[in-house]
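**Student:** what follows is a protein structure lacking sequence information:
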């Protein structure tokens, strides 16, 4: 087992660090032990590896509190068979044997080995040419030497009588001894209480060069990296160099495609911000109680060009809080000035694609030739809210075989009296056209009708189930009863009457104020999302079988993993905001511990 | 006799090459265990097993039918998956054959549900009786839509539709008269497709006497199917098409090869028996390398041989680019097949597809340590 030597160590250390990091931070959310939260939120030790990492590094993952993370990661309550993580645990016999052998050699259990090995932190850096380096600081030099001796001896024993590929080589470079235990597949060096692991000899030597020359040519000398270190932090931080981002952003030549207008509407502001930022990009992970927070901050001014439509122009302005409705799965609140967006369309997507021409033609029909920029897009203010919610089905209609959540978008009209009529006319034209088109294909049409709810009359369209032979497995179209409602100054376009009525009730409550500087706020309920996956289990499994070529067992296992994951991630929110010239993104998970996994949330109220 | 059953002899032994040949033509391709079992069982028992597999085929198809979903790309993926996993590959091979024979495609039907039902009907009759198959086709809305028969009013019988039924599906060009066309059209009056459903309107049906293939009576669509299935010209067309499908695309069979099978087929309409005769024959085993696999046969053959499943929705798109878009034959004549599968672009794409499915960047023959293209091992590889 041990003859796999340093290659195995590199892989294990790299993977284990990432895994343990995740394990640990996720586990903290359980807060099973009162001291867990306190220990992790304590200040990180100031162990820096910067003067050992070559300045050519493209990405650096720094785990400052690996000791505490591992302490929690090896908690049996977390890694036990009932936890969601157990579904990803390696179960190979070779892995088990390796662990046992190592424990025997070191005279302590496997978690202790890892704790002592990574006690004072670990950093993993990726460089050009797919080179990787990991540097860990162990508890003491003696322990590390003993571990190395055990591994080298075992590798030599395993390599005896094997071909050259299994040779164990020991050499020195700039006064430091280094080894390869598998003929060049990976290298490692022991330097006092630090171990350096690399997948390429050049990468290892570059680290040893930095060390020998007291940090010359290292990240410690890069001012932009040091600046990035101040922008985000936590138990783990990933920093991406500007060089890497330039590589990622390389134009694709002939294969580049015209941007999708919807994607531009959603993401142009962020793309411009990233372009404007030429330094290191830092992503930090932190914990606070049950909250895992990932932060990214970019030092740059808000875009002033065509992408300015997505940023609040003045202080105190921003997206509104999301709408609360029963069975809500996800909600998105955006600040997007549609008038400015459409006015800048020539700059945002200069190629007039057939899709855009089709869109303009259809909008011309629906809105009776009104000016799309000023009279349609300009008729609503920049506060746009989207809601996705589970739905219950009317027994008189039946239940679709595939159950699709309801969704709706809420606009705020500048002149409700005028635009309510215009939008109602456009909506009715659109669904009349849908009916004609379906009729041409001999497909069932929708019946357009009006309905009163809580004193408000709204319009909807629905399919009749009268000719359906099996009401328990209706076609997917029975998920939809598209509706339009005008609730005061709000225009509601919804996929179902049920969600429309929920929104009528929600929007009649006092209006919230804007979230200062927020450009987007996405909130998601993992438990309800998991429930959607669960009730659509069979269609999803079938789709996976087809799309991925899996057998049923593999497709079921994948779905179970995904359900477990979204349940574990609990409630998630993503907030993008701008203040003082800095654009920041914050992704927060309100994690659910293993005990909470047993609970289920029904989509019905 | 050209259709004399093959019997292994020292000169023509039952060996690996013949096993592979049989399975490639009749079952897409053999996997290792099928190959070993066939070698041990001999040709007769192996062909029996291909026709009547011991597995619970009905249960397999029930499960697959329950999974089958629309739209077209998904349905195509399900069919490919069914071909790869089926315990009765000859049935799927024959379903594919009839799909090409009737040439019913989405571009003309424009209703994926009808196409799905059409292929299920083909599968239900694929190795059964031809008169029953033809009868089912004359009640299949997809066939009506594909052949331009959606409307058949008594006041104006649809002769274009009747001509398609005669020329494409039954006796073939030059084997019918204008009287046959006119009266076949009259036999179908009152049978329409409305809203994707086959509708019979008795008041719109011409119930007067009609003369089709020289026989007079108050014929209806089912009568037409019964009469047409027993025409010798129809039987000859089917036998020739099956000869191309199973035996050779390179060699045009002489009339006296076709005639005995056609006469028997016109009498008993037994597709399974016709296929058995062909697969058991000496000529079948003497005709390797006389067919070019269709893209579907190529891909499914590799998957079955290697016992792998692959993502079949993307595979369906890939096969469409190679010229065989399941559910979308180019014309009512189906896919031309043979050398039409090969051109400068498709030969490279076929090689790439095969390499990808094999999961190795090396040329497949090299995997077997064979480098001489002329050697039998290379052909095998």
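**Tutor:** Thanks, I have it. Quick caveat: nothing in here was measured; it's all calculated off a predicted structure.
**Student:** surely residue A:220 is within a helix?
**Tutor:** Yes - counting by DSSP: H, G, I helix; E, B strand; the rest coil, one finds residue A:220 located in a helix.
**Student:** how close does it get to residue A:52?
**Tutor:** Distance from residue A:220 to residue A:52, counting by C-beta to C-beta, to the nearest Å: 8 Å. Placement of C-beta: from N, CA and C, glycine included.
**Student:** next one: residue A:159
**Tutor:** Applying C-beta to C-beta to residue A:159 and residue A:52 gives a distance of 29 Å.
**Student:** between these two, which one's more packed in?
**Tutor:** Shown here are residue A:159 and residue A:52; by other C-beta atoms under 10 Å in any protein chain shown, residue A:52 has more neighbours (23 against 19).
**Student:** can you pull the contacts of that one?
**Tutor:** By C-beta atoms under 8 Å, 6 or more residues apart in numbering or on different chains, the contact set of residue A:52 is A:135, A:194, A:196, A:207, A:210, A:211, A:215, A:218.
**Student:** ok, now with 7 Å
**Tutor:** A:135, A:207, A:210, A:211, A:218 (C-beta atoms under 7 Å, 6 or more residues apart in numbering or on different chains).
**Student:** hang on, isn't the last one packed against residue A:51?
**Tutor:** Yes - when contacts are counted by C-beta atoms under 7 Å, residue A:218 is listed as touching residue A:51 (4.8 Å).
**Student:** between the two, what contacts are shared?
**Tutor:** In contact with both residue A:218 and residue A:51: residue A:210, using C-beta under 7 Å, 6+ apart.
**Student:** all the strands of the stretch 401-550 of chain A, residue numbers only.
**Tutor:** A:406-412, A:447-453, A:456-462, A:483-487, A:490-494, A:518-525 (DSSP state E, counting those that start in this stretch).
**Student:** need those strands in CSV (columns: mean pLDDT, distance to chain B and mean neighbour count).
**Tutor:** Below are the strands of the stretch 401-550 of chain A laid out as CSV (pLDDT from 0 to 100; distance: least, C-beta to the nearest C-beta, whole Å; neighbours: other C-beta atoms under 10 Å in any protein chain shown):
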stretch, mean pLDDT, distance to chain B, mean neighbour count
strand A:406-412, 97, 21, 21
strand A:447-453, 95, 16, 13
strand A:456-462, 96, 19, 19
strand A:483-487, 97, 26, 23
strand A:490-494, 97, 25, 23
strand A:518-525, 94, 27, 21
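**Student:** looking at the contacts of residue A:52, which is nearest chain B?
**Tutor:** Among these, residue A:207 lies closest to chain B (C-beta to the nearest C-beta), at 34.1 Å.
**Student:** low-confidence ranges, chain B, go.
**Tutor:** B:1, B:288-289, B:360-381 (pLDDT under 70).
**Student:** how about a cut-off of 50?
**Tutor:** The model of chain B has pLDDT under 50 over residues B:360-373, B:377-381.
**Student:** which bits of it sit near chain A?
**Tutor:** Applying C-beta under 7 Å from any C-beta of the partner chain, we find that chain B lies next to chain A at B:67, B:69, B:74, B:77-78, B:81, B:110-111, B:195-196, B:309-313.
**Student:** can you rerun that using 8 Å?
**Tutor:** B:67, B:69, B:74, B:77-78, B:81, B:110-111, B:194-196, B:308-314 (C-beta under 8 Å from any C-beta of the partner chain).
**Student:** quick one: buried ones out of the residues you listed?
**Tutor:** B:67, B:69, B:74, B:77-78, B:81, B:110-111, B:196, B:309-313 (16 or more other C-beta atoms under 10 Å in any protein chain shown).
**Student:** and those residues as TSV, adding secondary structure and distance to residue B:45?
**Tutor:** What follows is these, written out as TSV (DSSP: H, G, I helix; E, B strand; the rest coil; distance: C-beta to C-beta, whole Å):
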residue	secondary structure	distance to residue B:45
B:67	helix	32
B:69	coil	38
B:74	helix	38
B:77	helix	34
B:78	helix	31
B:81	helix	28
B:110	coil	46
B:111	coil	43
B:196	coil	45
B:309	coil	28
B:310	coil	31
B:311	coil	35
B:312	helix	31
B:313	helix	37
